[in-house]
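> I'll drop the sequence and a predicted model, then ask my questions.
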Amino acid sequence: MTETENNRTQIAKIRQSLLQQMDSGLLPAGGKLPSERTLSGLFDTTRITLKDALLALEAEGRIYREDRRGWFVAPERLEYNPQFRVHFQQMAERQRRQVDTRVVSALGMVAAPQVSQLLGMPALARVLQLRRVRSLDGRVVLYVEHYLKPECFPGIMAYDLSASLTGLYEQVYDIRYGRSRFDIFPTAARGEVAQALMLAEGSPILRIARVNYDQSGRVIDCDIEYWRHDAIRVSVDSHPALDGSPALSGA
């Protein structure tokens with residue numbers, strides 16, 4: 001057996017052993033794995049080979065890293081169905097998950113070109129930017145930037161912005177979501193996104209950009225979501241949504 005073949009065999013054995021430990025519950029969801037040094041000693045292998053096995057499990061979504069904290073067993077993914085009008089908290093609670101939302105910032109600003117295009121606004125138009133970090137069962141899984149048209153939501157900055165925006169829109173402004181347009185693709189965590197999600201620079205994430213329309217078909221806001229790739233499963237059924245409209249609000 002060549003050195004390369006031997007290395008691949010070792011990686012496969014380590015991966016399988018850790019999977020068995022996780023599937024049996026001995027390494028529970030959310031639990032912290034031993035350090036890389038400890039694991040390499042347990043498996044009598046090099047740190048490089050051990051790291052390759054861990055990276056393989058990370059790519060599968062079975063374990064995850066938090067920068068400077070180590071490796072953890074990934075909990076069950078959140079089911080995310082774009083066809084249903086369910087905001088983030090409702091979606092999580094229906095799946096028996098605990099939700100927490102932290103506001104990072106809330107301010108008015110000149111819209112960046114990308115945001116202007118999403119909202120159909122002219123050059124140098126102002127928007128309200130709300131940045132939030134959202135957690136499931138105590139684990140940060142989502143960093144989201146909301147961009148609101150100021151004329152649609154006067155005075156909204158005075159309200160509790162850690163609450164559901166969907167509920168706030170309905171209760172205060174009599175605005176309900178109509179349809180939404182989604183753009184979903186994988187990317188890498190950089191800068192404040194990586195920091196907010198406690199990821200190393202370049203870690204894989206899922207980016208979801210959503211443009212939201214109200215009940216009259218008017219564009220009212222857009223969200224740019226950055227998810228830990230192991231925290232979410234996007235599932236879409238080809239049948240119409242129960243209320244007859246294929247839209248979701250995750251705000």
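Perfect, I can see it now.
> from here on, contacts and neighbour counts on C-alpha atoms
Fine.
> The nearest residue to residue 213 once chain neighbours are set aside: what's it in contact with?
Nearest residue to residue 213, sequence neighbours excluded (C-alpha to C-alpha, 6 or more residues apart in numbering): residue 219, at 4.3 Å. Counting by C-alpha atoms under 8 Å, 6 or more residues apart in numbering, residue 219 touches 119, 120, 211, 212, 213.
> By neighbours, which of these wins?
residue 212 (25 neighbours; other C-alpha atoms under 10 Å).
> separation between that residue and residue 175?
From residue 212 across to residue 175, the span is 11 Å (C-alpha to C-alpha, to the nearest Å).
> quick one: what helix or strand has the closest residue to residue 71 other than its chain neighbours in it?
Closest residue to residue 71 apart from its sequence neighbours, by C-alpha to C-alpha, 6+ apart: residue 65 at 4.6 Å. Per DSSP states H and E, residue 65 falls inside strand 63-66.
> quick one: contacts of that strand?
Here strand 63-66 has contacts from 54, 57, 58, 71, 72, 73, 74, 197, 198, 199, 200, 230, using C-alpha under 8 Å, 6+ apart.
> for this structure, which spans come out with low pLDDT?
Within the chain, the set of residues satisfying pLDDT under 70 comprises 1, 83-86, 238-251.
> Hmm, residue 152 is touching residue 213, no?
No. Between residue 152 and residue 213 there is no contact under C-alpha atoms under 8 Å: 11.4 Å.
> circling back: run a quick neighbour tally on the residue nearest to residue 71.
Residue 65 has 20 nearby residues by other C-alpha under 10 Å.
> gap between it and residue 192?
17 Å.
> following the host helix or strand of residue 140, which helix or strand shows up next?
In this structure, residue 140 sits in strand 139-148 according to DSSP H and E. With elements assigned by DSSP H and E, the helix or strand that comes after strand 139-148 is helix 165-173.
> No further queries at this time; thank you.
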